[in-house]
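1. After the sequence you'll find the predicted model.
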Amino acid sequence: MRVIKITINVFIVSLVSSACIEPYTPDISEYREMIVINGKITDQEGYHYVEVSRSSSFNDSEPRPERDCEVKVYDDKGNSFIYNEIKPGNYRCWIEKSYLNPYTRYMVEVKTNDDRIYRSDFDQMLPCADIDTIYYEISEEAPTDPLYDPYPGLQFFIDTKVSENGVSNFRWELTETWEYHSKYLLGDYYDGEINFVLMESYSDSLYYCWNTGVINEIFTMSTKNLATNKITRGYLNFVSNQTDKLRVRYSLLVRQYSLSDSACEYWGRMQRLSQESGGLYETQPMQVTGNMKNMNNPEETVLGYFWASALKEKRIFYKRDYLFPVKEPDCDLYNFSNESLMEYLSFINEEEYPVYLVNLTYLPEGPWDLADQECFDCRKRGGTTIRPDFWEQ
């Protein structure tokens, strides 16, 4: 590479934007703090988790983890498992497969640092039917603003095999992973020391990225009112074209759980609450209590649920087939003279260097065009350049 010194001339560039938005904060004065305990145990050997926190008011939405608790899980065979706090309010324990068997019943006990004791009801681990297929169809989702047309995208579905053990209640947890690319390869850049660095060749080291996220929706279904004890076309998530998730390749991991009747009732109520709320104040808030109790004060309201389940999982891949357009990041190029570009770059924080540029003329003296750095460095859009082990070519 070659380094070219550029003489800096004084040139003032200013961009001013303003907006007049007066936020509205509702007056919610009636607030009662409650403890929240959530956890589950499956038939899979490994770490199992329990989370303990305090509910927060509308005006203070920060999580409030409950620290320094003594957390134990018991089964109905006299075994107990001690959970250790790995971060504030998050407790885990490694449990061997031999202790995780269908039809065993489990409960959790939490002792807080002020000696209050909370216990769940026992929940039975029921066997889980196998997943038959996961598939998708092109569909449309109505936008929140009725002035806009529906968005095309993929609606995912699930079919299960017939449950031979009479288990009829299901819940699904979804994790999505998608591959995405930068708009531009890495070429010339500004190093923060009044130098433009010219690259002899382009690099794709920050071009390919993958991002993974948990889908924070609740999906439950029961076969009790169906003709057969299997799920057909169970609705899962919808992925619209309004993000870049479907632009290259998308993968959905589905974890399927079998629920006891009480667990199914709880998660069903939580699902209805999340679907019906629609927005702030659109419905009256509904307090959903679970199977947790304060052993010292049975009248205390305790939120959360501890449940047990066998687990089956399956993954599906989607590769873009261009049947509908998919949104891509705004990567417009901004044209500067060398002097005005240097003036602009002088205002950038030191930790943001290097700043990648586009040289459309390929001349050693420029000029260079500027674009959002997310268009060069795919990590700036939240992902990683490390390819997942399960990823298909």
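-> Looks like it arrived, so ask away. Just so you know, these numbers come straight off a predicted model, no measurement behind them.
2. Every contact and neighbour count from this point should use C-alpha atoms.
-> Fine.
3. Lowest average confidence across helices and strands of the chain, where is it?
-> Lowest mean confidence among the helices and strands of the chain (mean pLDDT, DSSP states H and E): strand 2-5, at a mean of 32.
4. what element comes up after that one heading to the C-terminus?
-> Downstream of strand 2-5, the first helix or strand assigned by DSSP states H and E is strand 35-42.
5. Just the residues contacting the helix or strand just after that following strand, thanks.
-> Sequence-wise, the next helix or strand downstream of strand 35-42 (DSSP H and E) is strand 46-54. The list of residues contacting strand 46-54 from outside it, by CA atoms under 8 Å, 6 or more residues apart in numbering, reads 33-42, 63-67, 71, 83, 89-97.
6. Just the buried ones from the residues you listed?
-> 35-42, 64-67, 71, 83, 89-93, 95 (16 or more other CA atoms under 10 Å).
7. any weak-confidence spans in this protein?
-> Counting by pLDDT under 70, the chain contains low-confidence residues at 1-31, 57-61, 63, 194, 277-287, 393.
8. which stretches of the protein form helices?
-> For the chain, the helices defined by DSSP state H cover 261-277, 338-345.
9. need those in CSV with mean neighbour count and distance to residue 374, can you?
-> Output for the helices of the chain, formatted as CSV (neighbours: other CA atoms under 10 Å; distance: least, CA to CA, whole Å):
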stretch, mean neighbour count, distance to residue 374
helix 261-277, 16, 33
helix 338-345, 18, 16
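10. Relative to residue 315, which of those helices is closest?
-> Proximity to residue 315, assessed across the helices of the chain by CA to CA, is greatest for helix 261-277 (23.0 Å).
11. now the closest one, how far from the chain's geometric center?
-> Remark: helix 261-277 is offset 20 Å from the chain centroid, using CA atoms, centre = their mean, to the nearest Å.
12. Show me what it packs onto, helices and strands only.
-> Helices and strands touching helix 261-277, by 3 or more CA pairs under 8 Å, 6 or more residues apart in numbering; DSSP states H and E, are strand 169-181, strand 219-222.
13. Between those strands, which one is closest to residue 361.
-> Evaluated over these, closeness to residue 361 peaks at strand 169-181, with 23.7 Å, by CA to CA.
14. any idea how far residue 303 is from residue 42?
-> Distance, residue 303 to residue 42, using CA to CA, to the nearest Å: 21 Å.
15. same question, residue 334
-> When CA to CA is applied, the distance between residue 334 and residue 42 equals 53 Å.
16. Could you do residue 275 as well?
-> Remark: distance between residue 275 and residue 42 (CA to CA) = 27 Å.
17. mind listing what residue 312 touches?
-> By CA under 8 Å, 6+ apart, residue 312 lies in contact with 128, 129, 130, 131, 255, 256, 257.
18. Which two of those have the greatest separation?
-> Across these, the longest distance by CA to CA is 11.7 Å; it joins 129 and 255.
19. which one of these two has more residues nearby?
-> Per other CA atoms under 10 Å, whichever of residue 129 and residue 255 has more neighbours is residue 129, with 25 against 16.
20. excluding its backbone neighbours, what's nearest the more buried one?
-> Nearest residue to residue 129, sequence neighbours excluded (CA to CA, 6 or more residues apart in numbering): residue 163, at 4.9 Å.
21. So the one you found sits against residue 231, correct?
-> No. Applying CA atoms under 8 Å as the test, residue 163 and residue 231 come out as separate, 9.4 Å apart.
22. So if I had to pick from these two, which one is more boxed in?
-> When residue 163 and residue 231 are compared for neighbours, residue 231 comes out ahead with 24 against 17, by other CA under 10 Å.
23. Report whether the expected contact of the more buried one with residue 167 is present.
-> No. Taking contacts as CA under 8 Å, residue 231 lies outside contact range of residue 167: 11.5 Å.
24. Return every residue with contacts to both of those two.
-> Residues touching both residue 231 and residue 167 (CA under 8 Å, 6+ apart): none.
25. now residue 71: how far from residue 36?
-> Applying CA to CA, the value for residue 71 to residue 36 is 14 Å.
26. ok, now residue 222?
-> From residue 222 to residue 36 the distance is 26 Å (CA to CA).
27. Mind listing the residues bridging to residue 119?
-> In this entry, residue 119 is beta-bridged to residue 109, residue 293, by DSSP bridges.
28. next one: residue 157
-> So, taking DSSP bridges as the rule, residue 157 has residue 135, residue 235 as bridge partners.
29. Which residues are in contact with it?
-> Neighbouring residues of residue 157 by CA under 8 Å, 6+ apart: 134, 135, 136, 233, 234, 235, 236, 237.
30. burial measure for the first one, as a count.
-> By that I understand residue 134. By other CA under 10 Å, neighbour count at residue 134 equals 20.
31. can you check the fourth one too?
-> Residue 233 sits with 14 neighbouring residues when counted by other CA under 10 Å.
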